[in-house]
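Participant: what's the 3D shape of this:
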Amino acid sequence: MTEPLYPLKEKRIVVTRAKNQAQSFMDKIRTRGGRPFLFPMIDIIPAHTSEQLKGIDGHIEQYDWLLLTSANSVRFFFEQNARDKQEPQHESLYKRLLAGGVSIVTVGHKTNKQLQKYGLSATFIPQRHTQEGLIQEWLPHVGRHEKILFPHGNLSRPALAQAMREKGLDVTAYVLYRTIKPNQTYPKLQTMLKSQQVDVVTFTSSSAMRHFDYWLREQELDFNQIKSSSLYLASIGPITTRTAMDLGYPVHIEARKQTVEGLIEAIEAYIIHREV
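Facilitator: Predicted coordinates for the structure are as follows:
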């Protein structure tokens, strides 16, 4: 009987996602035989209080579309927007979105899965789960002068909002949450990198990559001195890869599917190729 193949077996894999988003990724690594180590390089915090958002909250029914480009957008939108505090916050918002006939577009299926936790589902999901996918696939379906509500993170790229405005749409875009660098020194990670006890460092966003670079410099660590032939950097997609390369880091692995599952598959394929 053929033994199951576990290319991640005993591989020490650093996860740099935000703590509240890392559990599923780490569980999947363990399931494949790997050893995940969590050192978050990002933290996600709300950008406004619920009181500050009342102006937008009071007119939600007037929008034609609600545009959500991340699971964090969904979570913070439903947690912070609520008019009737006598009801659970998401129930109040759920009823008003339905009553107003507001259509919802999400950037991908993960974002829609988060949306479904609140009893709603996306009207449109592009094939390409990027801003460019939304521009090319969703925008042609939006009528001229329709009203768009676009809550997003502080690091959201401007391309999508710009494309909507160039089409003449009435866009309300605002920063809903902020991505920040945790104020942590992570001495264990320093030790692991210096003693070559890390096999793969994973990055699931450009901000995690930028903060890792900043953290190295804060700790006065030179990546060129701690890297080894068996240390691989893995990126979830081309935008994160481009950020890493712009900062001067080699990217050995890039996921074809821009999900944590796709990233794990890419790491496994790379290790099999290297070790055969």
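
Participant: pLDDT of stretch 102-110, averaged?
Facilitator: For stretch 102-110, mean pLDDT is 92.

Participant: And the strands in the stretch 101-250 of the chain, which stretches?
Facilitator: Secondary structure of the stretch 101-250 of the chain by DSSP state E, counting those that start in this stretch: the strands cover 103-106, 147-153, 170-180, 200-203, 232-235.

Participant: who touches the longest one?
Facilitator: Going back to what we said before, that points to strand 170-180. 42-48, 56, 63, 72-73, 76-77, 80, 145-156, 161, 164-165, 205, 207 (C-beta atoms under 8 Å, 6 or more residues apart in numbering). Quick note: C-beta positions are derived from backbone N, CA and C, even for glycine.

Participant: Which among the residues you listed count as buried?
Facilitator: If you count burial by 16 or more other C-beta atoms under 10 Å, the buried members of the contacts of strand 170-180 come out as 42-44, 46-48, 56, 63, 72-73, 76-77, 80, 146, 148-153, 156, 161, 164, 205, 207.

Participant: related to what we said a few turns ago, just put the strands of the stretch 101-250 of the chain in TSV and tack on distance to residue 211.
Facilitator: What follows is these, written out as TSV (distance: least, C-beta to C-beta, whole Å):
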stretch	distance to residue 211
strand 103-106	26
strand 147-153	14
strand 170-180	9
strand 200-203	10
strand 232-235	14
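
Participant: Comparing those strands, which comes out most buried?
Facilitator: Mean neighbours per residue, mean count of other C-beta atoms under 10 Å, is largest over the strands of the stretch 101-250 of the chain for strand 200-203, with a mean of 26.

Participant: what pairs with it, and is each one parallel or antiparallel?
Facilitator: For strand 200-203, the paired strands and their directions (DSSP bridges) are strand 12-15 (parallel), strand 232-235 (parallel).

Participant: For the ones you listed, give me JSON lines that also has mean pLDDT.
Facilitator: Listed next are the strands paired with strand 200-203 as JSON lines, based on pLDDT from 0 to 100:
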{"stretch": "strand 12-15", "mean pLDDT": "98"}
{"stretch": "strand 232-235", "mean pLDDT": "97"}
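
Participant: Quick one: closest of those strands to residue 274.
Facilitator: strand 232-235 (8.3 Å; C-beta to C-beta).

Participant: give me the low-pLDDT residue ranges for the stretch 151-276 of the chain?
Facilitator: Filtered on pLDDT under 70, the stretch 151-276 of the chain yields the residue ranges 275-276.

Participant: Helices along that one, start to end?
Facilitator: 159-166, 187-194, 206-218, 223-226, 238-246, 260-275 (DSSP state H, counting those that start in this stretch).
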